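> quick one, structure for this:
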Amino acid sequence: MMDFKFCPVCAGSLVLRADNGDSQKIRLACPDGHWTHWDNPLPVLAALVEFDEKILLARNAAWPEKTFSLITGFMERGETPEQGVARELKEETNLDADVVSLIGVYEFIRKNELIIAYHVKASGEIRLSEELLEYRLIAPETLRPWRGTTGEATADWLRSRGLPVVYVDQNFQSTATSHTAVEK
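Numbers count the residues shown, from 1 in each chain. Below is the predicted model of the structure:
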């Protein structure tokens, strides 16, 4: 839950209270009823990027070595998910999204996020943003997703192409970030 302390309407101190519709859910709210923090999941966009018949995976500057991911980012107000994934791809890799197709939607409950994953065929010249340290272009059949979030999106994409799904081992999961797929 975010660290809200005061009602944005009356500036009164917020309290935890049972939700009117479901007493099992506790919500942060104004005691005078002006405002409730619903704490809804945040939509996160993920791009499984196909570039020159290979899959582009990138390593975020905050991640351990050998941890590579799909391109991810948050939607912005006023854009569709497809526009958002194309914008994130451009911002993070300098690539243009030529074809964008939905893979699926995946819950990431631990971080209160909803992952909207796309397969993106891209073109252009790769130039990474300062968020990303390095990238790899790998053959689709060598993708090794982890069990969870974008790993499941990667697995679904592989299955849709008739490719085998081989997950990374359980030991890797304990050090993986939320959006990870790795190569063999």
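> in the sheet, who's paired with the spatially closest residue to residue 49 that is not a sequence neighbour?
Nearest-residue entry for residue 49: residue 56, 4.2 Å, with adjacent residues in sequence omitted and distances by Cβ to Cβ, 6 or more residues apart in numbering. Quick note: C-beta positions are derived from backbone N, CA and C, even for glycine. Residue 56 has these beta-bridge partners by DSSP bridges: residue 49, residue 137.
> hang on, isn't residue 56 packed against residue 139?
No - Residue 56 sits out of contact with residue 139 when judged by Cβ atoms under 8 Å, with a separation of 11.9 Å.
> about what we covered before: need the contact list for the residue nearest to residue 49.
Neighbouring residues of residue 56 by Cβ atoms under 8 Å, 6 or more residues apart in numbering: 49-50, 71, 93, 95, 122, 126, 135-137.
> how about a cut-off of 7 Å?
By Cβ atoms under 7 Å, 6 or more residues apart in numbering, the contact set of residue 56 is 49, 93, 135, 137.
> can you give me every residue that contacts the first one?
Read it as residue 49. Residue 49 makes contacts with 55-56, 71, 89, 95, 120, 122, as judged by Cβ under 7 Å, 6+ apart.
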